[in-house]
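Task: produce atomic coordinates for the following.
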Amino acid sequence: MENNENLNHENKLKELGGSDFKIVEGQPNIKGWTVKDQLGRTLGNVDELLFDPESRKVHYLVVEMDNNELDLDDREVLIPIGIAQLHENDDDVILPNITVDQLSSLPTYDYDSLNPEIEQTVYAVFAGAAASPLSAGTSMYDHNNYNENNLYQRRQPVSNVQIEGQTVIGIFDNGFDAQNAITQLKNSGFGNDDIDISTKDNHENNDHEGEISSFFGNLFSDHDEASRYTDLAKKGSVVTVHTSSADEANRAAKILDQHGAKGFDENDREDEVNQEDEPNFLNQQFSNQDDQHHLDRGNSERRVRSRIIQRHVAQSNRLRSDNPGRSS
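Take a look at the predicted model:
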């Protein structure tokens, strides 16, 4: 089969372990899960996941075939993600249509030796007659064997059953600006139950400071990020808007910014993302960021202002004064 210019010439694929990416809270971590065939025979276990950090798509499971029940050599091989399926209930990965001949034909996986030719061999083993030379502008990753959605044929993905919603955070130097922002939010269609406010006066209460720390600790998986926002919040008033769509979140963020939501320098951050990016499998499964920034593009120092967090906040965890969002 001819070489394809769209293949991984620079070995840009990365292993999840040791990368800056991580599994999003609530999603199944399949590393270590047992790999079985359709008959329930053990083939090995998932040792690693190989993904493209640019597209944020997982392309392969790295399967360690130690102690397999098919008398195959103990070694690691690559299995395209679209061939695997999660068991309905158990922590098992099923390869429903795989054969002994296919497993035997796979090259032994070694990350340092991974190159386009090895990927082509893996592609050909599973694509069979379809493994003809690829036309210009196409990639083997377009084949159904690399379709990450196939992984959930037997099990509903967690992302489909999670409560949808975004949480928008704005921190203000004074309660006057915060109340003006709330008034504009209401005039724009947001209801009382959509808006929470925690005022500076409450921060003198040690219990309330603990609530602030707990709130941002739950909202951000990054401890430093949570601490940074906790410190900011203790010095001002916090307005939280609970939205159900990206359009609502962006609208709320714009209003908070217009009324003086404060920020901090972001020169050292490298994880800015586009709010219009479409989610894919890797966004659902692996991410090195919890949120999206609403940026003041006119400021050369790029100061973060309101924040759109891709996470729903439960009623019991909301940060608010005794009468949240009720100011006129």
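
following the top strand by length along the chain, which helix or strand shows up next?
The residue-count maximum for a strand in the chain (DSSP state E) belongs to strand 42-52. Using DSSP states H and E, the helix or strand that follows strand 42-52 towards the C-terminus is strand 57-64.

C-alpha coordinates for that following strand, CSV please?
What follows is strand 57-64, C-alpha atoms only, in CSV (Å, rounded to 0.1, in the frame of the first residue of the first chain):
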residue,chain,number,x,y,z
LYS,A,57,-9.1,12.2,19.2
VAL,A,58,-8.0,8.8,20.5
HIS,A,59,-6.9,6.6,17.6
TYR,A,60,-5.7,3.4,19.3
LEU,A,61,-5.9,1.3,22.4
VAL,A,62,-2.5,-0.1,23.4
VAL,A,63,-3.4,-3.7,24.4
GLU,A,64,-1.0,-5.8,26.5
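
packing partners for that strand?
strand 42-52, strand 76-80, helix 281-285 (3 or more CB pairs under 8 Å, 6 or more residues apart in numbering; DSSP states H and E). From N, CA and C alone the C-beta is placed, and that goes for glycine too.

remind me which residues of the stretch 151-300 of the chain are low pLDDT?
For the stretch 151-300 of the chain, applying pLDDT under 70 flags the ranges 156-164, 200-208, 263-300.

Try it again at 80.
For the stretch 151-300 of the chain, residues meeting the criterion pLDDT under 80 lie at 156-165, 200-210, 220-222, 262-300.

cool, and the stretch 1-150 of the chain?
Using pLDDT under 80, the flagged stretches of the stretch 1-150 of the chain are 1-11, 20-27, 54-56, 128-138.

Distance check, the residue nearest to D91 when sequence neighbours are not counted against S198.
Residue nearest to D91 in three dimensions, not counting chain neighbours: W33, with 4.9 Å by CB to CB, 6 or more residues apart in numbering. As judged by CB to CB, to the nearest Å, W33 and S198 stand 42 Å apart.

Also L232?
Distance from L232 to S198, by CB to CB: 12 Å.

Of the two, which one has the most company?
S198 (25 against 17; other CB atoms under 10 Å).

how about that one, what does it touch?
By CB atoms under 8 Å, 6 or more residues apart in numbering, the contact set of S198 is 208, 211-212, 233, 237-238, 240, 319-321.

Mind checking which of these are buried?
Among the contacts of S198, those classed as buried by 16 or more other CB atoms under 10 Å are 208, 211-212, 233, 237-238, 240, 319-321.

From the chain's centre, how far out is the one helix or strand V35 maps to? Work that out for me.
Using DSSP H and E, V35 sits in strand 34-37. On the basis of CA atoms, centre = their mean, to the nearest Å, strand 34-37 sits 26 Å off its chain's mean C-alpha point.

Just to check, G175 is in contact with S237?
Yes: in this structure, G175 is within contact of S237 by CB atoms under 8 Å, at 4.9 Å.

helix/strand/coil for the nearest residue in space to V239 that is not next to it in sequence?
Setting aside the residues directly before and after it, V239 is nearest to G170 in space (CB to CB, 6+ apart), at 4.5 Å. Taking DSSP: H, G, I helix; E, B strand; the rest coil as the rule, one finds G170 in the strand state.

so which of the helices and strands packed on strand 57-64 comes closest to T121?
Nearest to T121 among the helices and strands packed on strand 57-64 is strand 76-80; the distance by CB to CB comes to 9.4 Å.

ok, back up a step: can you give me the buried ones in the strand holding V35?
By 16+ other CB under 10 Å, the buried positions in strand 34-37 come out as 35-37.

Give me the contacts around it.
So strand 34-37 is in contact with 42-46, 61, 63, 70, 79, 84, 87, 91-96, 98, going by CB under 8 Å, 6+ apart.
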